[in-house]
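Visitor: just coords:
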C-alpha cells in the first residue's frame, strides 16, 4: 500500500474517531480504512490503536506518530501547493546564460523591463561565449547566437538574426589601404572573434557573383565582441563583428566599414530551454517576454543600408589618400 495515503487515513481516523465516519470522509469503505491502519502498524512494527468493535484509543506510540505524521502531511501539502504555484505565478530565481555582447546590448536592458513586470523573479545571468549543458549545469534558459543550431533534445525558439560587418579604424586604413575585394585581406592584419557563431579562421563573403572564402591567419583573437571592437579601434587590424557591437562607432566615424558591398555572417539568435512540459512560470514568462522584446530589439538594430552617406564619404576619402 502507499505509505503517504495510509498516513492520511490514520490522521483522518484519529480526528474523526470512527472508522465509518473516516470512510465516508475519504470516500473509502470501512474495511479499506481498517486495512490501511493495519498495513501502517505492520510497516512500523508497533501498535498505533487499541480498538474493539465499539471503541478505539491511541496507544502512546500512536499519539506520538499522529503528531509527527500531521507535521509531515502539512509540510507535504505546502510543498505541493508551492510546486503547483510555480507553474501559475512567476517567482523565484531564474538562471540565464548568454554571451557578453548579447547581454550588454540587449538582454540586460530587457531584464530590467522584465523584472519591473515580474518583481518576484530574481535573474542570475552568466556571461560566456559557449552554451553550457543546461541540465547538468542547472540553467533555465540560454540565449545563443550561431549560424545554425545543432540537433538536440532541447527546445529552441528563433528570435531573430543579427548581421555581421567587417570594419577597421581610419588610422589603420590610412596606413595600410582599404581592401577592395576579399582576396586583398590576405595582405592585411585580420582580427578574429572566437565565438560559436563564427567559423574558426574562415570568413565567407557573398555577393551577386557568388561566394568567396578567405582563410585567415589571425593576428589577434578574443572571445568577447566588445573587446575585439576595442582592438579594431586601436588600429590593430580589420575585424568581423556583429553590427550592433560597432554601430555607434561606425556612426561617429571611429570605425570604417570594409567591403560594404559584400554580405557576411547573418547569425540567428535562439532562446533555448529544456522542456515544454510543466514549464515553471518564471521560465515561461521570460521566454514569452524575450520572444517579443528581443525580436523587436534585434530587428531595430539591423543596418538599414550597406553604409551610411557619412561612412561612404569616409571610405572614399581614405581610398584617395592611401
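Guide: Thanks, I have the structure now. Nothing here was measured: the structure is a model prediction, and the numbers come from that model.

Visitor: For this structure, give me the ranges with low pLDDT.
Guide: Residue ranges of the chain with pLDDT under 70: 53, 81-88, 148-151, 276-278, 304-322.

Visitor: biggest strand in it by residues?
Guide: strand 155-168 (DSSP state E).

Visitor: Any buried residues in that strand, and which?
Guide: Residues of strand 155-168 classed as buried by neighbour count (16 or more other CB atoms under 10 Å): 156, 159-168. Using the backbone N, CA and C atoms, a C-beta is placed for each residue, glycine as well.

Visitor: Distance to residue 215 added to these, as JSON lines?
Guide: Below are the buried residues of strand 155-168 laid out as JSON lines (distance: CB to CB, whole Å):
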{"residue": "156", "distance to residue 215": "30"}
{"residue": "159", "distance to residue 215": "32"}
{"residue": "160", "distance to residue 215": "30"}
{"residue": "161", "distance to residue 215": "25"}
{"residue": "162", "distance to residue 215": "24"}
{"residue": "163", "distance to residue 215": "22"}
{"residue": "164", "distance to residue 215": "17"}
{"residue": "165", "distance to residue 215": "20"}
{"residue": "166", "distance to residue 215": "15"}
{"residue": "167", "distance to residue 215": "20"}
{"residue": "168", "distance to residue 215": "19"}
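
Visitor: Touching, residue 118 and residue 285? I think so.
Guide: Yes - counting by CB atoms under 8 Å, residue 118 touches residue 285, with 5.5 Å between them.

Visitor: Now for the two: what residues contact both?
Guide: Overlap of the contact sets of residue 118 and residue 285 (by CB atoms under 8 Å, 6 or more residues apart in numbering) consists of residue 90.

Visitor: circling back to that earlier point, the longest strand of the chain pairs with which strands?
Guide: Neighbouring strands of strand 155-168 in its sheet, by DSSP bridges, are strand 238-242 (antiparallel), strand 256-258 (antiparallel), strand 266-273 (antiparallel).

Visitor: what packs against whichever helix or strand comes after it?
Guide: Per DSSP states H and E, strand 155-168 leads on to helix 170-176 as the next helix or strand towards the C-terminus. The helices and strands touching helix 170-176, judged by 3 or more CB pairs under 8 Å, 6 or more residues apart in numbering; DSSP states H and E, are strand 256-258, helix 309-321.

Visitor: so how far is helix 170-176 off the chain centroid?
Guide: Helix 170-176 sits 40 Å away from the centroid of its parent chain (CA atoms, centre = their mean, to the nearest Å).

Visitor: biggest helix in this protein by residues?
Guide: Ranked by residue count under DSSP state H, the longest helix found in the chain is helix 60-88.

Visitor: elements contacting that one?
Guide: Helix 60-88 sits against helix 3-16, helix 281-301, with contacts defined as 3+ CB pairs under 8 Å, 6+ apart.

Visitor: on that earlier part again, next, the angle from the longest strand of the chain to helix 281-301.
Guide: Here the directions of strand 155-168 and helix 281-301 differ by 30 degrees (axes from the mean of the first three to the mean of the last three CA atoms, to 10 degrees).
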